[in-house]
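>>> Here is a sequence with its predicted model. Questions after.
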Amino acid sequence: MVYTPWPNRLSSVFDLVHIGELSTTRTIPLLLSPQVLYALQNLAVAEIADPNHYAVGAADGGYYRLQESDADEFLDFLEIVSQTGLQLSDYLSMSTPLNYKSELSIQVANTNASAGTNTLEIQGPDGGEAWVIEQFAMIDVNSNPSIVNLDLGFSGTLIPIVRATSPGAGAWVLRTGPFHLSGGMLVQASFGGCNAGDDLYIRITGYIMELIA
């Protein structure tokens, strides 16, 4: 991949490498006046969710700007946006993150599987949105599959998330998150050792965030 140096902006530039070295544990009390908190919330809306502010490396007179094709770094960016919204939002008491759009619940099924290995896929969000997946759930209702695999990422560059061996007939294979999906990403579940006619399901639940350009 070829990176193009991006000039320093007049506003904030966030170093993803530095952020990745910081703790995500909420250990610092936020002792602020309502006036300052209000200003911080508005800064978060204007700055935190803009991917143009994020650096993936230093360059002469600027930095290498985050791109959606930077798979791991873009997931880090979405996590930062999500956590900032949770921790600064007025809606924290209702567990509603900043830029929250709607609930997410998608189920894909194959109710007449072939003998052997079967694959189910869920395509990720369109542009302008990000999905925060709080739980994956997979099941072969009728038989005990030899293995259940869950992969997440871009087509051709999927990352393994779950490898469950012989979970049992009718037993859910669960994986809790959060996991973040940006545009062009997908979820893929494969069931090995199925019997012909098995009912297979994959379900994802969480919420949808609106990205602010």
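On my side now, so go ahead.
>>> in the lengthiest helix in the chain, what's buried?
Looking across the chain with DSSP state H, the single longest helix is helix 71-88. By neighbour count with 16 or more other Cβ atoms under 10 Å, helix 71-88 contains the buried residues 73-86, 88. The way it works is simple: take the backbone N, C-alpha and C, and place the C-beta from them, glycine included.
>>> Give the rounded mean pLDDT of it.
Average pLDDT, helix 71-88: 78.
>>> what does stretch 173-191 give?
For stretch 173-191, mean pLDDT rounds to 91.
>>> so what are the domain limits for the protein?
5-94, 100-210 (automatic domain parsing).
>>> so which of those is the most packed in?
Mean neighbour count, computed with mean count of other Cβ atoms under 10 Å, is highest for domain 100-210 among the domains of the chain, reaching a mean of 17.
>>> ends of it, how far apart?
With Cα to Cα, to the nearest Å applied, domain 100-210 spans 6 Å between its terminal residues.
>>> can you check stretch 160-173 too?
Terminal-residue distance, stretch 160-173 (Cα to Cα): 14 Å.
>>> Pick out the residue closest to the middle of the chain.
Nearest to the mean C-alpha position of the chain, counting by Cα atoms, centre = their mean, stands H180 at 0.3 Å.
>>> how near is it to Q83?
11 Å (Cβ to Cβ, to the nearest Å).
>>> thinking again about what came up before, might you report the residue contacts of the residue nearest to the centre of the chain?
75, 78-79, 82, 130-133 (Cβ atoms under 8 Å, 6 or more residues apart in numbering).
>>> same deal with V187?
V187 neighbours (Cβ under 8 Å, 6+ apart): 121-122, 124, 133, 136, 150-152, 181, 202, 204.
>>> looking at the sheet around it, what are its partners?
V187 has the following beta-bridge partners by DSSP bridges: I122, L152.
>>> go on, the one 4 residues further on?
The partner list for F191 in beta bridges (DSSP bridges) reads N118, V148.
>>> does it really touch G116, like I thought?
No - look at F191 against G116 with Cβ atoms under 8 Å: they stay out of range, at 9.3 Å.
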